[in-house]
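> The following comprises the amino acid sequence and a computationally predicted model.
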Amino acid sequence: MREIIGVVLSGFRPLRCLASIAMVAALGCHAQTSVPAGGAQAIQVGVKLTPEMARRVEVMIRSKAQVSPEYTILIGEPTQGEVPGYDQIMVTFTENGSTSKPLPFLLSTDGKTLAQFNKFDLSQDPKDKVSAVGRPARGGAENAPVLIVGFDDLECPYCAQMNAEIFPAIQNRYKDQVRMVYRDFPLVDIHPWAMHAAVDANCLGATSTAGYWNFIDYVHAHADQIVGSDPAAGTDPTSGADQAERFKQALAKADATLDKLALDEGARQKVNPAELASCVQKQDDSKVKASEQLAEGDPLHLGSAPILFINGEEVIGVVPIETIYRIIDGALIAAGQTPPPPPPPVNPLPATPVASPAPVASPATPVASPAPVAAKPGS
């Protein structure tokens, strides 16, 4: 019960004492508690609960969901429920003039049991949860059985690690069975040139898929070189006038470097130089911000990068490649396809004739092969 109420209230103010939200991905009752028989009211559709019964419901909700006393709880009249023996009541929470959306509860017709019942829509294919339309892609065709959509920040070191290790391993094993795309999610509060990099990448991607991925690979592999060696480049620009000026100069240098990389790669891919230069100069970030809004809005509510959606299944951060393989294999099986055989295990070290203090253990599982070193755009 606590988790579900937290989902509703988090939209207008989080509960102070609420534990982290972890919704159960199943259909059923999330909490059920009996009301003592003495004084229980027989529940009737359209008949308002007695003050004593309404208080029992309110106290139970506050107790089980740890709702702060600052919230006012309003309980509606019972309506016809979908579960035999139970009617439905709608409960709203108000604090400082802000009111939550109504939250349904079930109340047994004998007034002895309060329950919370939640339905989840299974009619939509999870693969369609995040759109990949119009995005440059790697791997299989548009009808590939597995679609991986990654939310990427070009200044994020963990995104760079995923780009260098996880994605190449996926491509090597699954070939055309998997199609991979990136959506923009620059965390501009902590990565000052990530937005500029995303815009430049999209300028390339509008006319050259190969150019887009070459730019992505190079920037991820050389992010520490984009700004240069100035130790003030990544520090807080509010800590002093001199520091702020150095930060500004470093950011301008980063933007200029990114623009040159994009233009050089465009020349290499023989895209229209005037159109590309105009796009780079204009720095229209509307598409990037639209991708940010998709990430942050309902139903995704993302707040970090990298995050993958593998046929709709969310994977947060850089996880072991074996975990990724397991999820992709499951998605392939669900699509009626046979996963490729697992990579061979790493061979143990050969025995040596010379005694050693202790044997060196070999990895128990294969390690993802890193991507080849990215060529500098335009070279």
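Yes, it's here.

> all contacts plus neighbour counts: C-alpha atoms, from now on.
Noted.

> Looking at stretch 247-254 now, give me its mean pLDDT.
Stretch 247-254 shows a mean pLDDT of 91.

> Any buried residues in it, and which?
247, 249-251, 253-254 (16 or more other CA atoms under 10 Å).

> a markdown table for these, including secondary structure?
Shown next, in a markdown table, are the buried residues of stretch 247-254 (DSSP: H, G, I helix; E, B strand; the rest coil):
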| residue | secondary structure |
| --- | --- |
| Phe247 | helix |
| Gln249 | helix |
| Ala250 | helix |
| Leu251 | helix |
| Lys253 | helix |
| Ala254 | helix |
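
> Looking at the residues you listed, which is nearest Ala198?
Ala198 lies nearest to Ala254 out of those, by CA to CA, at 12.8 Å.

> I'd say that closest one and Asp224 touch.
No - using CA atoms under 8 Å, Ala254 makes no contact with Asp224, being 10.3 Å away.

> What ranges does this structure have for its strands?
Ranges of strands within the chain are 28-34, 72-75, 79-80, 86-95, 98-99, 103-108, 113-118, 137-139, 146-152, 178-184, 307-310, 313-316, based on DSSP state E.

> burial count for Glu165?
18 (other CA atoms under 10 Å).

> quick one: pLDDT of it?
Looking at Glu165, its pLDDT reads 94.

> What of Asp298?
For Asp298, the model assigns a pLDDT of 83.

> Could you check how far it is from Glu292?
12 Å (CA to CA, to the nearest Å).

> Looking at these two, which has the bigger crowd around it?
Glu292 (19 against 9).

> Tell me which of the strands of the chain sits nearest to Gly336.
Among the strands of the chain, the nearest to Gly336 by CA to CA is strand 146-152 (11.2 Å).

> Show me what the closest one is packed up against.
strand 178-184, strand 307-310, helix 321-334 (3 or more CA pairs under 8 Å, 6 or more residues apart in numbering; DSSP states H and E).

> Make TSV from those and add distance to Tyr218 to it.
TSV is the format used below for the helices and strands packed on strand 146-152 (distance: least, CA to CA, whole Å):
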stretch	distance to Tyr218
strand 178-184	15
strand 307-310	20
helix 321-334	22
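
> which one of those lies closest to Pro104?
strand 307-310 (30.0 Å).

> who touches that closest one?
For strand 307-310, contacts defined as CA atoms under 8 Å, 6 or more residues apart in numbering pick out 127, 130, 146-152, 314-317, 327-328, 331.

> Render the CA-only coordinates of it in CSV, please.
The C-alpha trace of strand 307-310 is given here as CSV (Å, rounded to 0.1, in the frame of the first residue of the first chain):
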residue,chain,number,x,y,z
ILE,A,307,19.6,3.8,-19.2
LEU,A,308,18.7,1.1,-21.7
PHE,A,309,15.3,-0.2,-22.7
ILE,A,310,15.6,-3.7,-24.2
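
> in its sheet, what does it sit against?
Note on strand 307-310: by DSSP bridges, its sheet partners are strand 146-152 (antiparallel), strand 313-316 (antiparallel).

> of all the strands of the chain, which lies closest to Asp200?
strand 178-184 (11.5 Å).

> Which strands or helices does that closest one pack on?
strand 137-139, strand 146-152, helix 286-296.

> residue boundaries of the helices in the protein?
2-9, 51-65, 157-161, 167-174, 194-205, 209-221, 223-226, 241-268, 273-282, 286-296, 321-334 (DSSP state H).

> Give the buried residues for the longest one.
Spelled out, that is helix 241-268. Neighbour counts over helix 241-268 (16+ other CA under 10 Å) mark 243-244, 246-247, 249-251, 253-255, 257-267 as buried.

> Can you show me the CA trace of stretch 155-170 as CSV?
Provided in CSV are the C-alpha atoms of stretch 155-170 (Å, rounded to 0.1, in the frame of the first residue of the first chain):
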residue,chain,number,x,y,z
GLU,A,155,29.9,13.8,-21.5
CYS,A,156,28.9,11.0,-19.2
PRO,A,157,31.8,8.6,-18.4
TYR,A,158,29.5,5.7,-17.6
CYS,A,159,27.7,6.2,-21.0
ALA,A,160,31.2,6.1,-22.6
GLN,A,161,31.9,2.8,-20.8
MET,A,162,28.7,1.3,-22.1
ASN,A,163,29.4,2.6,-25.6
ALA,A,164,32.9,1.1,-25.6
GLU,A,165,32.2,-2.3,-24.0
ILE,A,166,28.5,-3.2,-23.8
PHE,A,167,27.3,-2.2,-27.3
PRO,A,168,30.2,-3.8,-29.2
ALA,A,169,29.7,-7.1,-27.2
ILE,A,170,26.0,-7.0,-28.2
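
> Cool, thanks, talk later.
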